[in-house]
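1. The following block contains a protein sequence and its predicted model.
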Amino acid sequence: MAKSNKMNWITPMEPITTKTMISDPGWTHQIKWDGIRGLTYFDSSSSNGESLRIFTKRGRERTGFYPELDQLKNLIQARNAVLDGELVVLGDDSKPTFQLSLVRDRLKSMEKLPYYTRTYPVIYVIFDILFLDDKSLTQLSLKQRREILCKQLESRISSNIIITDDFSDGLGLFELMKKKNWEGIVSKRLDSPYLPGKNHKAWYKYKTMKKILAAICGIQLKDDFPKSLILGVNQEGKWTYIGKASLGLTQEDLKILKDYSKIKNNDNCPFPEAIKQYGRELAGPIIWLEPEITCWVSFLEWTNDAVLRHPKILGFTNHKVEEAVGREWPLDE
């Protein structure tokens with residue numbers, strides 16, 4: 001929790017998933033950047049020497065791990081401010097990539113920071129301002145907050161600190177995001193205040209369905225029969241858990257997997273750290289496998305815990321497990 005003598009922690013406002021596109025002049029539409037939510041607290045009079053502090057949506061402090069944002073200290077022309085935005089790492093195709101953003105955010109050692117800033121440079125996409133010069137802005141309308149944000153920063157933004165654009169044509173923007181294979185869009189009511197969590201009817205997100213190549217790292221059992229596939233991708237030479245799926249599997253698939261597991265039982269979990277983090281989800285009997293089989297998995301989005309939301313097995317592939325690196329593809333490709 002961020003807290004000083006002037007600023008208290010502000011619970012981030014979150015968009016609600018919907019399938020109904022809003023077309024109303026009282027709304028604005030923005031790109032849904034596929035990264036890590038990042039709130040920055042700037043206080044020029046901070047007594048502890050940290051004039052800029054960085055926090056994730058859940059209040060986990062990441063100050064010092066994103067030196068790309070240090071220039072905000074010079075860009076903000078105010079005594080103090082709170083900005084809301086997204087910490088984004090771009091892939092080789094200049095596409096925002098959640099998995100790369102996650103790799104960067106999971107960094108725990110400051111000694112490795114120079115390597116990560118070179119390999120996974122972050123851009124900070126700002127979309128809201130919540131506090132300025134000792135005054136809370138959360139009760140102002142989004143339209144007013146956006147005007148204040150642009151007046152405060154627009155003329156001083158840089159290549160890795162930007163303000164997201166507003167669009168009047170939500171459907172057109174969504175179709176463009178589908179074409180580019182980006183995450184989707186967020187529609188926001190222009191007269192809405194900034195409200196905590198999802199206790200509102202003012203921010204909605206529309207997501208494009210995607211697919212990912214995953215490796216089968218284990219099989220979860222129920223009554224001694226396969227129930228779900230444990231899925232993973234290989235990043236930084238290490239297997240990472242991305243969720244489990246059963247939807248899309250046929251009875252024949254399950255029978256084959258049961259026979260396969262008797263031969264290929266590995267006894268070792270490819271991602272032991274996941275057992276601690278996802279203990280309840282990975283409870284029960286599981287047959288761990290050496291990652292050898294790949295499959296295409298469709299999904300809606302990544303959860304806050306970095307696992308696939310609404311995954312569905314589309315089919316097994318001949319791709320090598322070395323290709324299961326976390327890259328996302330359009331569902332219809």
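-> Okay, I see it. Numbers count the residues shown, from 1 in each chain.
2. How about the secondary structure of the residue nearest to Tyr116 when sequence neighbours are not counted?
-> Using C-beta to C-beta, 6 or more residues apart in numbering and skipping residues adjacent in sequence, the residue nearest Tyr116 is Leu107, 5.1 Å away. To be clear about C-beta, it is placed using only N, CA and C from the backbone, and glycine gets the same treatment. Look at Leu107: counting by DSSP: H, G, I helix; E, B strand; the rest coil, its state is coil.
3. pLDDT below threshold where in this protein?
-> For the chain, applying pLDDT under 70 flags the ranges 1-6, 47-50, 333.
4. Would you mind splitting it into its domains for me?
-> For the chain, the domain assignment from automatic domain parsing gives the residue ranges 16-207, 210-330.
5. so can I have TSV of those domains showing mean neighbour count and distance to Asn8?
-> Below are the domains of the chain laid out as TSV (neighbours: other C-beta atoms under 10 Å; distance: least, C-beta to C-beta, whole Å):
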stretch	mean neighbour count	distance to Asn8
domain 16-207	17	9
domain 210-330	17	22
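6. would you list those domains in CSV and tack on distance to Ile10?
-> Listed next are those as CSV, based on distance: least, C-beta to C-beta, whole Å:
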stretch, distance to Ile10
domain 16-207, 5
domain 210-330, 18
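7. ok, back up a step: next one: the residue nearest to Tyr116 from Gly64, what distance?
-> Relative to Gly64, Leu107 is positioned 10 Å away (C-beta to C-beta, to the nearest Å).
8. With Val233 instead?
-> Distance of Val233 to Gly64, given as C-beta to C-beta: 28 Å.
9. My read is that Ala215 contacts Gly326, right?
-> No: in this structure Ala215 lies outside contact range of Gly326 using C-beta atoms under 8 Å: 10.7 Å.
10. Name the residues contacting each of the two.
-> Counting by C-beta atoms under 8 Å, 6 or more residues apart in numbering, the residues touching both Ala215 and Gly326 are Val233, Asn234.
11. where along the stretch 51-200 of the chain do the helices fall?
-> Taking DSSP state H, counting those that start in this stretch as the criterion, the stretch 51-200 of the chain carries its helices at 72-75, 98-105, 113-119, 142-153, 170-180.
12. thought Gly315 was touching Cys295?
-> Yes: using C-beta under 8 Å, Gly315 is in contact with Cys295, at 6.5 Å.
13. The helices of the stretch 51-200 of the chain into JSON lines, with extra columns for distance to Val321?
-> Below are these laid out as JSON lines (distance: least, C-beta to C-beta, whole Å):
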{"stretch": "helix 72-75", "distance to Val321": "41"}
{"stretch": "helix 98-105", "distance to Val321": "16"}
{"stretch": "helix 113-119", "distance to Val321": "22"}
{"stretch": "helix 142-153", "distance to Val321": "44"}
{"stretch": "helix 170-180", "distance to Val321": "28"}
